[in-house]
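A.B. asks: Predicted model, plus sequence, below.
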Protein chains: 2
Amino acid sequence: MAERFDRIWHNARLATMRADRPDLGEIERGVIATRDGRILYAGAASDFPADAESIQWIDCEGRWITPGLVDCHTHLVYGGNRAHEFELRLKGASYEEIACAGGGIVSTVAATRKASEAELVASALPRLDALIGEGATTIEIKSGYGLDTETEMRQLSAARSISRQRKVAIRTSFLGAHALPAEADGDKDRYIDLVCKEMLPAVAKAGLADAVDAFMEGIAFSAEQTARVFEAARALGLPVKLHADQLSNLGGAALAAKFSALSADHLEHTDAAGAAAMAKAGTVAVLLPGAYYFIRETQEPPVETFRKHGVHLALATDCNPGSSPLTSLLLAMNMGATLFRMTVAECLTGVTREGARALGVLDETGTLEPGKWCDLAIWDIERPAELVYRIGFNPLHRRVWRGQ
Amino acid sequence: MAERFDRIWHNARLATMRADRPDLGEIERGVIATRDGRILYAGAASDFPADAESIQWIDCEGRWITPGLVDCHTHLVYGGNRAHEFELRLKGASYEEIACAGGGIVSTVAATRKASEAELVASALPRLDALIGEGATTIEIKSGYGLDTETEMRQLSAARSISRQRKVAIRTSFLGAHALPAEADGDKDRYIDLVCKEMLPAVAKAGLADAVDAFMEGIAFSAEQTARVFEAARALGLPVKLHADQLSNLGGAALAAKFSALSADHLEHTDAAGAAAMAKAGTVAVLLPGAYYFIRETQEPPVETFRKHGVHLALATDCNPGSSPLTSLLLAMNMGATLFRMTVAECLTGVTREGARALGVLDETGTLEPGKWCDLAIWDIERPAELVYRIGFNPLHRRVWRGQ
């Protein structure tokens, strides 16, 4: 008897992004078939059963299909707006003047603490919709603008509830160790105690976090403090990830690898030892060119070193109000190519397969393979390179999330 | 008797961009009234006649209205696609390999020569629609990928015909002196003869160009050759503009000023004398951060020098397949601020009032003032700075062209 499907996309060109195929795993004459939200077939039309039956057949007219995009590093949920601070800075305002005008991360923390969960969701949705409008189907969202138990939980809860308002998979990361709140009075160790002993257990108990993140940097937390957060996460069975080596090399990449982190992110100052450790641990390097661009960084992440060591490379928006108000993965890809000299294939796998790997969901999404969710982006393009090459252009034809 | 209008937008915040008002000429509680496509009133609600009558009243619910955006420098109409060249270059291909694979401007010229007018229009429309989708109402389009009389005219004719397919004002510039075609065999002077004696008169006779442009650079044409093109334009009564001082300082800004050019564009290497000459001549400095970004230029245009001399600053996309595949004025603004440290007000006036000035159409559009075309962009934002600050985000609520 013929196999039955819910939907079949035919007359398509596929960039499967399969790791077992070279480049993008392209298939020139491809078919994708779905049932119950899963991909049952993604391959050559010539191998597809001729007698297949389907409720719906969709002629893609030669369009390209990629996996739905994955944004594996965002701070999408926050209160307030930092456009005014940006304006003041360009006028030459000093940091003191900006602080007096209510600028800096402090202002985002204050606004986030003041916002209700509904307000947090409402202000995040336009940003989310921008990502979705370019074909994103899986998006990571961090906390880290609460810096107290109640607000961190509200931020994560807002992130979770977003997935009930849009057809998108949300992965949450608890980032209590993002910055030191004013009330901690400069005592980082005591704050990390709070993160490990109060916030993290509460977050874990409520099931609000899929992973635990930290910001290891001179202006944030030390290796020792970060390790304490990671130990606490491990005790609760939560995977970790790290903002590492962005402004200086404190050995963040190596520490992340030591804890088998899903990913280490930013990495402008990572050295060869850090890259080697990441490769060995399978820790994905998440590069964030939006932040590099916006803060006018000049130290490029060591892409060639990562390649040499075989580190997996992902790309993400780092969407946040202070250092990367970016809501476009297409643009993140162009920046990855233009600013970091990543190849087209690295950029495209970086926002699909490797983004999924960086979130620990590669068995569920990120490539076009049977058994995974049927998350697709269908594009009006002649070749996949156009998605990386063009700037400020969105050729998305249709987005499919879980087969629909 | 009460004054009658076609449409009234009320409950709006206006960024009028009027030159006689500071900053953006903001009006917190504003009204715009139109009849026959023109603005009859753009000002405070409190001064608007209480008994005004209108066919339609539109409640803007507090949204911001700016003039419709102006992209005053594009090469939007061309044949072919250079995404593959971009891909090869990132893989480390040499210029020879790229040339063999059909890359470089030569490939765009070949593809443009091969394309029919209808094909040129069809391939340009998605790029145009991206600009329009962000509120652009006036767009300049250059020739310069034909480099022979027939193709240059076809390119300009395609640009003109676009304005019949979309509600947008198109201004055309003849850029025969863009590059030397292969058949010229390296003889630039003879090619400039062809430009001045054959192409330009034919273009002018057919009414296909609103201005004449040239590319003055070591890799393009000399000051003397450029001057010959400008003399020919002057004899035909056409205003000029210039690609000047992009890669080196050959005195392009000063030459443009000498010919009272509408604008000099790029200007990374312009010196104080050039800036002073431009200020005196009223020649607008059109900055093109998309090209600066895409070719990884490090020499910033002398924004502070332009300010000091009172040169008008415009911003544009430079949309072209080789050095700026950018179709977003919002992004051009963010790049102007991030890469060139332009202020928010400079960016916003740069894509409205100053863009219009750079095209010689400031009496018709570019600000919200009575008598001008009613070209509006209505935005879902809390303050105009958001249009510059955000990256890869389009808060356009509605676009109005000539009152509709």
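C.D. replies: Ah, there it is. Residues are numbered from 1 along each chain as shown, chains lettered A, B, ... in the order given.
A.B. asks: Pull the number of nearby residues for A:A377.
C.D. replies: 26 (other Cβ atoms under 10 Å in any protein chain shown). (Glycine included, C-beta is placed from N, CA and C.)
A.B. asks: my guess is it is in a strand, correct?
C.D. replies: Yes - per DSSP: H, G, I helix; E, B strand; the rest coil, A:A377 lies within a strand segment.
A.B. asks: Surely it and A:G135 touch.
C.D. replies: Yes - A:A377 lies in contact with A:G135 (Cβ atoms under 8 Å); the separation is 3.1 Å.
A.B. asks: Show me the common contact partners of the two, please.
C.D. replies: Common neighbours of A:A377 and A:G135, counting by Cβ atoms under 8 Å, 6 or more residues apart in numbering or on different chains, are A:66, A:68-69, A:396, A:399.
A.B. asks: What is the end-to-end distance of stretch A:395-404?
C.D. replies: 19 Å (Cα to Cα, to the nearest Å).
A.B. asks: and that stretch, does that touch chain B?
C.D. replies: Yes - judged by Cβ under 8 Å from any Cβ of the partner chain, stretch A:395-404 comes into contact with chain B through A:P395.
A.B. asks: any residues touching that stretch, and which ones?
C.D. replies: Contacts of stretch A:395-404 with the rest of the structure, by Cβ under 8 Å, 6+ apart, involve A:6-7, A:34-38, A:63, A:68, A:132-135, A:137, A:167-169, A:373-381, A:386-387, B:126.
A.B. asks: what about burial for these, which qualify?
C.D. replies: Listed as buried from the contacts of stretch A:395-404 are A:6-7, A:34-35, A:38, A:63, A:68, A:132, A:134-135, A:137, A:168-169, A:373-379, A:381, A:386-387; burial here means 16 or more other Cβ atoms under 10 Å in any protein chain shown.
A.B. asks: Compute the number of surrounding residues for the residue of the stretch 201-350 of chain A found nearest chain B.
C.D. replies: Closest approach between the stretch 201-350 of chain A and chain B, counting by Cβ to the nearest Cβ: A:S328, at 2.6 Å. By other Cβ under 10 Å, the residues close to A:S328 number 28.
A.B. asks: Is it in contact with A:I132, as I believe?
C.D. replies: No - between A:S328 and A:I132 there is no contact under Cβ under 8 Å: 11.4 Å.
A.B. asks: For stretch A:23-33, the averaged confidence score.
C.D. replies: What stretch A:23-33 shows for mean pLDDT is 97.
A.B. asks: Sorry, slip of the keys, the one I care about is stretch A:166-183.
C.D. replies: According to the model, stretch A:166-183 has a mean pLDDT of 97.
A.B. asks: Using PDB, write out every CA atom in that stretch.
C.D. replies: The C-alpha coordinates for stretch A:166-183 follow below in PDB (Å, rounded to 0.1, in the frame of the first residue of the first chain):
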ATOM      1  CA  ARG A 166       3.800  32.000  17.900                       C
ATOM      2  CA  LYS A 167       4.600  28.900  16.000                       C
ATOM      3  CA  VAL A 168       8.200  28.700  17.100                       C
ATOM      4  CA  ALA A 169      10.400  26.600  19.400                       C
ATOM      5  CA  ILE A 170      11.900  28.600  22.200                       C
ATOM      6  CA  ARG A 171      14.900  27.400  24.200                       C
ATOM      7  CA  THR A 172      15.600  29.200  27.400                       C
ATOM      8  CA  SER A 173      18.900  29.900  29.200                       C
ATOM      9  CA  PHE A 174      19.200  31.100  32.700                       C
ATOM     10  CA  LEU A 175      21.800  33.900  32.800                       C
ATOM     11  CA  GLY A 176      21.600  35.100  36.400                       C
ATOM     12  CA  ALA A 177      25.400  35.500  36.200                       C
ATOM     13  CA  HIS A 178      25.200  38.200  33.600                       C
ATOM     14  CA  ALA A 179      26.100  41.300  35.600                       C
ATOM     15  CA  LEU A 180      26.200  42.400  39.200                       C
ATOM     16  CA  PRO A 181      23.100  44.200  40.400                       C
ATOM     17  CA  ALA A 182      23.500  47.500  42.200                       C
ATOM     18  CA  GLU A 183      22.100  46.100  45.500                       C
END
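A.B. asks: For it, buried residues please.
C.D. replies: For stretch A:166-183, by 16+ other Cβ under 10 Å, it's A:168-181.
A.B. asks: Pull the distance from it to the chain's centre.
C.D. replies: How far stretch A:166-183 lies from its chain's middle: 12 Å, per Cα atoms, centre = their mean, to the nearest Å.
A.B. asks: What residues does the stretch 251-400 of chain A have near chain B?
C.D. replies: A:290, A:293-294, A:296, A:317, A:324-328, A:330-331, A:337-339, A:341-344, A:380, A:382-383, A:385-386, A:388-395.
A.B. asks: Is it possible to mark the buried ones in these?
C.D. replies: Buried among those by 16+ other Cβ under 10 Å: A:290, A:293-294, A:317, A:324-328, A:330-331, A:337-339, A:342-344, A:383, A:385-386, A:388-395.
A.B. asks: which ones among those are found in helices?
C.D. replies: A:290, A:293-294, A:330-331, A:337-339, A:344, A:385-386, A:388-389 (DSSP state H).
A.B. asks: Nearest to A:D185, out of those: which one, please.
C.D. replies: A:F294 (30.4 Å; Cβ to Cβ).
A.B. asks: can you pull the contacts of that closest one?
C.D. replies: Counted by Cβ under 8 Å, 6+ apart, A:F294 has contacts A:323-326, B:338, B:391.
A.B. asks: Also A:L200?
C.D. replies: Contact analysis of A:L200 by Cβ under 8 Å, 6+ apart lists A:174, A:176, A:212, A:229, A:232-233, A:236.
A.B. asks: Might you calculate how far the helix or strand where it lies sits from the centre of the chain?
C.D. replies: Using DSSP states H and E, the element containing A:L200 is helix A:200-205. Put simply, helix A:200-205 sits 22 Å off its chain's centre (Cα atoms, centre = their mean).
A.B. asks: Please apply the same query to stretch A:266-273.
C.D. replies: Taking mean C-alpha positions (Cα atoms, centre = their mean), stretch A:266-273 and its chain are 19 Å apart.
A.B. asks: What residues sit buried inside it?
C.D. replies: Buried residues in stretch A:266-273 (16+ other Cβ under 10 Å): A:266-270.
A.B. asks: And the residue nearest the centre of chain A?
C.D. replies: A:C72 (1.4 Å; Cα atoms, centre = their mean).
A.B. asks: Could you pull up the residues touching the closest residue to A:P395 other than its chain neighbours?
C.D. replies: The shortest distance from A:P395 to any non-neighbouring residue, by Cβ to Cβ, 6 or more residues apart in numbering or on different chains, is to A:D380 (4.4 Å). With contacts defined as Cβ under 8 Å, 6+ apart, A:D380 is in contact with A:63, A:395-397, B:126.
A.B. asks: export those to a markdown table and tack on distance to B:A110 and pLDDT?
C.D. replies: Below are the contacts of A:D380 laid out as a markdown table (distance: Cβ to Cβ, whole Å; pLDDT from 0 to 100):
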| residue | distance to B:A110 | pLDDT |
| --- | --- | --- |
| A:R63 | 26 | 98 |
| A:P395 | 24 | 98 |
| A:L396 | 30 | 98 |
| A:H397 | 29 | 98 |
| B:P126 | 21 | 97 |
